[in-house]
Structure formats: structure tokens, C-alpha cells
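> Here is the input, now give the coordinates:
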Amino acid sequence: MDIQSLSAIASTITGLTNPTDVLQAVVEGLGAQPHVALARIWLIRPGDICNECRYAADCPKKDFCLHLAASDGTPVDPDLPRWRNLDGEYRRFPMNFKKIGRIASNGEAINVTDFPDYSELGNPEWGRKERIESLSGQPLIFAGEILGALCVFTRRPMTEAEITYLRIFANHAASAIANARAFQTIVELKQKLEWENAALKEEMSGGPMPTFLLGDSEAMQTIRRQIDIVAGVDANVLIEGESGTGKELAAQAIHRASPRVDGPLVQVNCASIPRELFESEFFGHVKGAFTGATRDRIGRFQLADGGTLFLDEVGEIPIELQSKLLRVIQEGSFEAIGDERTREVDVRIIAATNRNLPGEVRAGRFREDLYYRLNVFPIRMPPLRDRAPDIPLLAEHFLKLACRRHGVPPPALHARHIRRLAAHDWPGNVRELQNIIERAVIDARRGPFEIPLGFAPTPPATMPASRSSAVSALDCTSYDDLRSIEREMLLRVLQASNWTVSGPNGAARTLGVKPTTLKYRMDKLDLRKPAR
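Residues are numbered from 1 along each chain as shown. Below you'll find the predicted structure:
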């Protein structure tokens, strides 16, 4: 372990920008030196496994401790693997405990060049078996801050010159670790700034805003009261409702009215993330953590630190990842993939789903404890069919937006347009209404402004419409004619299904609509099962 070898390792780590790479290069370089049995680095970090740590009784404060961050060495037995495992019995050391803890606590080196009975080692049997003859423990200090400790075990006594060289090398290693950490922080801040900039551009380009929660119906007044109540507290929120009811807009409204408004609102559509990328998407990864990880990447939880994380379609999260999500919600800490460092975050969770989560819990597809962690304050978004009085106001709003987007003057929204809109059952809810209005604006560039709605359900393949019905559909001249045709078609399907609405043989399945939608249309058309 001469000065040239240590200089070569120092030159290597100077150009590294990833802290994990620096640590590994240090221990691998030292572990490859003649007569070196083992080289290890412990870093000072917050306590994380206090409940299971073998030295918990020797750590009264349980705030900070030494984490084994890098290890490399060669056993005497050539058939045994190199000592690179970080999960062994010495993965944590309390501060000021044994030699390692004292080095990190007071910043003074400890050197032992003679082991008469190996009692100086924590594991005397290991020392005898591996023929350890000296130990040098050097503090890692940068700008007056103790980062941790570097320990080297050798199979021959170290000279005074080697110990001096190791002390100089430890200073250089501490500087490389600190610089790599600073570079990583800059990269993470840059990634976070890029994400926030992209989110701001999307918002300014016409993305959905909480002001779209329009309407004076009783249902919407209830939603606004609930948002006002929960926005001021830091409780997790679960927003339920059918697709297109505005769950994302409610989440935005809660964030903007909360004390976290100056923090980020990070949105994740859980249904769009490939199963194998969930953990990386949520928690990030370090370079080299897996094939294709060519650089560090920060996850959504870290992006949302100090703000709100909106988990849309939370029911799509794989069951095997739900325990890790539960941990970060409960403890506010996580580890990126391939990283030993535990990160602390302060994040409020707003989740949304169109699934029946209690049913998913009973089916074993969603953790019960996670469900109750998310469902602190539930909000159920009403479907558009339950807030019919809001349709004119929403239609007028979406008409102005669509005309502005396509650069055309807004056409008049007449009573006949409103009647057509009000009579539709809206299986796609507000999103469907917005799309219908935009389609009408596009069509109006080549003709009159009309609402492109088709009310009559498509006849089932097993029940073709009669010739007389087809002719009447073509000849209808009023909305009342259209209602009569729709009523006739629904009546046929209901009779064929023996008035069974839901289930595999129900009329809703035959028509390809939701049972709630079919029941709504039955009420509208006064369709009742005949009394026996």
C-alpha cells in the first residue's frame, strides 16, 4: 500500500460524480492492494433500522449512526466470495461505540499494529482465522464535518509511512465523496426544475384548471364544501368517482387551497406506468442500479417533497409495491433503487380511483392497511347524470375554450342544443361533454353548429331491429320520436334479458353500458318491470 497506489486510486475517484461510484472505487482500490484483507467505509446517516439493530441497546439517542456504505476484501479461503455484502452484522454502528463509532464521533484516527489475542477486534475469531495483523481506522472529514470512517485491515503490520499515506488518502476520499454528493444534489435540483418547468408549460397551454369545477347543483356545492374543509389540514385524501368526473381537478383544487400551494403538485397516472417501472418511477434509482440505468433519476416522491403527490388510478398499483408505498406514507422515508441512503420527504398524498377499493381489498388485490392510510378524508365525485342542472354552464364554458383553441368565434348555444345535451346519459361524464363540444366546434367549420349525439343504443347482434323500427328511425322529425325509438329498443333488450339489468346475462352487458347508466335511462323513459 505505497504512495503510488494510493495516488492512482485518488486520481480515479477525482473524476467520479456519483457518491456510490466513489465509495466503491475507494474500497475496491484498497482491497486490491497486497496484504490488505478488508477495506470498509461507514457513513454517518439517520437511524433507520433501530428496531432490528443488534446494537440498539448501545445507541441511546437513536438519531444518527454509522451505516456500512461500501466494502471489499478477500478471505483467506479462495473458495469464499469477496466481502462486498452490506447487510451483515456490522451494517450499523452506534456513534461513539467501539472503534468505528469513536472514530466518527471525535474525528481521531485509531491504528492498531499488533493483535496479541485479537481482543481489540469485535470478532476475535474472524481476526485469527483471517490472520489480521493490523488495523487503521481513519475519519473522513471535509470542511470540518465528519462524514464517516474508513477502515483497512491488513495481513501484515502497517508501517508508519503507510498509515501516514492512508491519512492523506482519507482526506482526499472525503473530498471526493462531498463533491460527488454536491454534484448529485445539483443534478437532482436540475431534474426537479425541468419537471416543474414542463408542468408549468402544460398548465399554461390550456391544461385543466380547478376553475373547471363549475356548477351550482347541490352535488357540486357539496364537493366544494368538502374541498374547503380538507384543504386547510394535512390529511390524505381519497377521491372516488367514475372516469371523467373531474377527480384530477378536485386534487388540483385541494392543493391550490392548501398551505402547500407554494410546493409542487406532482401527478402520477398509475395506470400508465409499466409494472416493472413502478418502483423507479416512485422512488428513483441510481446509476447502474439495473440494465439501462445510465444516470441517477429522482422519483416522484422526491419531486413532491414539500408539496402534494396526486396518485391517479391508485388501484392500479401492483400489490407487491403497495408495502413500499405504505412505508413511505407512514414513515416519510424511502431508498432509491440501488442506493443505500435513506431519504426523508414531506409529502401529502391525494389518491384517486374509479375502482371499488373495498372490493379490491376483499379480493386480495389491494392492501387493507394502505386503503385506510389513503382514505382519511374520502370525496366522491358525482357523475354528470346526477348534476344535470350544471350541463348548460359546463357546455358554455367548454364551447368558449374549444373556440379559443381552434381560433373561431363562439356560435350560439340554443335551447335545442341544451335539450339534446340534457337528455344524454353521459357515460363518459364531464370529459365526454368536453369532447362532444369540441367535436361540434370542429364540425361547425364546414357547416351549422350541431351537437353530435346519438341517443338510440346500437341494436344487439342477436336482436336485429325490425324493418318498421328502422324506417321509423330514419323518418323521425322530433326529439319525442327519438325517445320513442330509444324506449322501444331498451324495452326489447330488457324483455330478452328477463328484466335483468346487471350481471353476465344482463341488459347492460348486452348494450355495452354500465348498469347505473341503464337504470338512469330506464327512469328517464319510465321503463318498469311488469308486475306479476
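> For residue 306, report the pLDDT, please.
pLDDT for residue 306: 91.
> Same question for it, what's its three-state structure.
Classification of residue 306 by DSSP: H, G, I helix; E, B strand; the rest coil places it in coil.
> wait, doesn't it sit right on residue 265?
No - assessed by C-beta atoms under 8 Å, residue 306 is found out of contact with residue 265, at 10.9 Å. Every C-beta, even on glycine, is put in place using the N, C-alpha and C of the backbone.
> Among those two, which residue is more densely surrounded?
The neighbour comparison of residue 306 against residue 265 (other C-beta atoms under 10 Å) goes to residue 265, with 22 against 12.
> Quick check: the more buried one vs residue 272, distance?
Noted for residue 265: a distance of 18 Å to residue 272, by C-beta to C-beta, to the nearest Å.
> One more: residue 236?
22 Å.
> Settle it for me: which of those two has more neighbours?
Taking neighbours as other C-beta under 10 Å, residue 236 and residue 272 compare with residue 236 leading, 19 against 10.
> got a list of what that one touches?
Counting by C-beta atoms under 8 Å, 6 or more residues apart in numbering, residue 236 touches 329, 348-351, 373-377.
> please redo it, this time with the cut-off set to 6 Å
Taking C-beta atoms under 6 Å, 6 or more residues apart in numbering, we find residue 236 in contact with 349, 374, 376.
> do residue 500 as well
Contact analysis of residue 500 by C-beta under 6 Å, 6+ apart lists residue 506.
> isn't there a strand covering it?
No - assessed with three-state DSSP, residue 500 is coil; it does not lie in a strand.
> just to revisit the earlier point, which of the contacts of residue 236 fall in helices?
Among the contacts of residue 236, the residues falling in helices (DSSP state H) are residue 374.
> Tell me the most packed of the contacts of residue 236, by neighbour count.
Counting neighbours by other C-beta under 10 Å, residue 374 leads these with 26 neighbours.
> Tell me how the protein divides into domains.
Following automatic domain parsing, one gets these domains for the chain: 3-183, 206-382, 389-443, 467-524.
> a markdown table for those, including distance to residue 191?
Output for the domains of the chain, formatted as a markdown table (distance: least, C-beta to C-beta, whole Å):
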| stretch | distance to residue 191 |
| --- | --- |
| domain 3-183 | 13 |
| domain 206-382 | 5 |
| domain 389-443 | 31 |
| domain 467-524 | 41 |
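> rank the ones you listed by pLDDT, which is bottom?
Averaging pLDDT over each of those puts domain 467-524 lowest, since it has a mean of 70.
> Figure out how far it is from the centre of its chain.
Relative to its chain's centre, domain 467-524 lies at 42 Å (C-alpha atoms, centre = their mean, to the nearest Å).
> where do the strands sit along the stretch 201-350 of the chain?
237-240, 265-269, 308-312, 333-335, 342-344, 348-353 (DSSP state E, counting those that start in this stretch).
> can I get these in JSON lines with distance to residue 227?
Below are these laid out as JSON lines (distance: least, C-beta to C-beta, whole Å):
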{"stretch": "strand 237-240", "distance to residue 227": "9"}
{"stretch": "strand 265-269", "distance to residue 227": "14"}
{"stretch": "strand 308-312", "distance to residue 227": "13"}
{"stretch": "strand 333-335", "distance to residue 227": "29"}
{"stretch": "strand 342-344", "distance to residue 227": "29"}
{"stretch": "strand 348-353", "distance to residue 227": "11"}
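> Show me the one of the ones you listed that comes nearest residue 135.
Nearest to residue 135, of all those, is strand 342-344, at 28.2 Å by C-beta to C-beta.
> List the neighbouring strands of the closest one plus their orientation.
Strand 342-344 has its sheet partners listed here by DSSP bridges as strand 333-335 (antiparallel).
> which residues touch residue 243?
Residue 243 neighbours (C-beta under 6 Å, 6+ apart): residue 354.
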